[in-house]
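Engineer: what's the 3D shape of this:
(chains A and B, ligands or ions: 2)
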Amino acid sequence: MSAETSTPSDAVELTSTSAGTYSPDNPAPVIEPPRARTSRSPKKVSRTNFEMWAWLFMRLSGIVLVVLVLGHLIIQLVLDGGVSKIGFAFVAGRWASPFWQLWDLGMLWLAMLHGANGLRTVINDYAERDTTRFWLKTLLYTATVFTVFLGTLVIFTFDPNIQ
Amino acid sequence: MPAGTLYRGREGMWSWVAHRVTGVLIFFFLFVHVLDTALVRVSPQDYDNVVATYKNPVVNLLEYGLVAAILFHALNGLRVIAVDFWSKGPKYQRQMLWSVVGIWIVLMAGAFYPVLQHTLRTVFGS
Ligand code: HEM
Ligand code: HEM
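Structural biologist: Ligands and ions are numbered 1, 2, ... in the order given. Here you go, the predicted structure:
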């Protein structure tokens, strides 16, 4: 390159194989723009903004969860002797109040959906085969629906006089 | 510095790894936690029996670990949100990470006695 005295000092250096020899018979290599679809992209094109809403949901639910989960931990693990006081009677006292029922319900739904969506990202990142991804996600969604359903049922059907 | 092409991020990569690991751990805990709470629908005795494991000294220590995971995930999550939505976020992301670590250490020190008080009282106390 230094032999070519006409090259300005700030020009991009070209390697000897690519320098200046492009022609219709020897076209320059094409570099796809980052989001262009190529023959290697997945066939299905998403027509929704699902990923954008999921991204936004992670952030909004995260902010609410700071209050709900840290509040829960302070109540359960710090106040009134820490973990010592927990038992059926303690839960009965708390769920006698609609306020704490609603708190726990919101925490259940938001934490489960936030965590499930986070795990979906993790599965997408590490499970490389289509079938592995499919089965891991099926397991994840089944466990999530089951847990949210069970937790909701438990809050609404709680009976302090069970027995 | 290594000569290879292996990607080595700096603090930002490690905070991302820690955020991911803590998030997955909390999710697994929550799954078990909803199952153990569901025992209130079975009987007071069954519920109290399972809650007794929460009061075991080793499990009590695990609870301190859970608090550590949640505090990091929560503080770092707020940092991620600030990086995404605050115009100066990306510029200060490193300072914010070290603030997260600092606040985390202070809160963990403060949580030590309250969270472990059950163990400290029953095992070491009178
Ligand atoms: C070791 C720490 C924890 C203890 C000792 C604990 C204790 C309890 C107790 C006693 C209840 C019964 C209801 C009540 O009193 O509010 C409960 C419910 C609940 N907790 Fe926790 N908790 C802990 C950590 C967490 C964390 C980290 C989360 C969220 C990620 C969480 C989410 C929930 C939810 C969603 C419910 C409602 C369950 C349902 O709908 O059946 N807990 N917890
Ligand atoms: C305490 C308040 C919380 C805040 C502020 C928070 C914040 C966040 C944010 C902003 C993200 C997105 C990160 C990104 O897109 O790079 C995220 C991811 C995640 N969160 Fe949370 N979160 C909280 C609680 C929880 C809870 C309770 C769970 C579990 C049930 C959880 C599990 C996850 C998982 C698994 C991910 C995905 C991690 C990844 O993709 O690397 N988070 N969190």
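
Engineer: so which bits of chain A are right by chain B?
Structural biologist: In this structure, chain A approaches chain B at residues A:59, A:62-63, A:65-66, A:69-70, A:73, A:77-78, A:81-84, A:86-89, A:91, A:108, A:111-112, A:115-116, A:118-119, A:122, A:143, A:147, A:150-151, A:153-154, A:157-159, A:162-163, judged by CB under 8 Å from any CB of the partner chain. (Each C-beta comes from the backbone N, C-alpha and C, glycine too.)

Engineer: kindly recompute the last result at 7 Å.
Structural biologist: Within chain A, the residues that sit near chain B (CB under 7 Å from any CB of the partner chain) are A:59, A:62-63, A:66, A:69-70, A:73, A:77-78, A:81-84, A:86-88, A:91, A:111-112, A:115, A:118-119, A:122, A:143, A:147, A:150-151, A:154, A:157-158, A:162-163.

Engineer: so which of the residues you listed belong to helices?
Structural biologist: Cross-referencing the residues of chain A next to chain B with the helices (criterion: DSSP state H) gives A:59, A:62-63, A:66, A:69-70, A:73, A:88, A:91, A:111-112, A:115, A:118-119, A:122, A:143, A:147, A:150-151, A:154, A:157 as the overlap.

Engineer: would you write a ChimeraX line that selects the buried entries of those residues?
Structural biologist: In ChimeraX, a selection of the buried entries from those looks like this (16 or more other CB atoms under 10 Å in any protein chain shown):
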select /A:62,66,69,73,88,91,111,112,115,118,119,122,147,150,151,154
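
Engineer: of the ones in helices among the residues of chain A next to chain B, list those near ligand 1.
Structural biologist: When CB under 6 Å from any ligand atom is applied, the members of these adjacent to ligand 1 are A:69, A:73, A:91, A:111, A:151, A:154.

Engineer: out of those, who's nearest B:Val115?
Structural biologist: Of all these, the one sitting nearest B:Val115 is A:Leu73; the distance, using CB to CB, is 8.6 Å.

Engineer: need the contact list for the closest one.
Structural biologist: B:67, B:70 (CB atoms under 7 Å, 6 or more residues apart in numbering or on different chains).

Engineer: tell me who's in contact with residue 123.
Structural biologist: In the absence of a named chain, chain A is used. A:Ile123 makes contacts with A:133, A:136-137, A:140, as judged by CB under 7 Å, 6+ apart.

Engineer: that was the other one, I meant chain B.
Structural biologist: Going by CB under 7 Å, 6+ apart, B:Val123 touches B:Pro57.

Engineer: next up, phi/psi of it, please.
Structural biologist: According to degrees, to the nearest 10, the main-chain angles of B:Val123 amount to phi -90, psi -40.

Engineer: can you tell me if stretch B:74-81 touches ligand 2.
Structural biologist: Yes: against ligand 2, stretch B:74-81 shows contacts by CB under 6 Å from any ligand atom at B:74, B:77-78, B:80-81.
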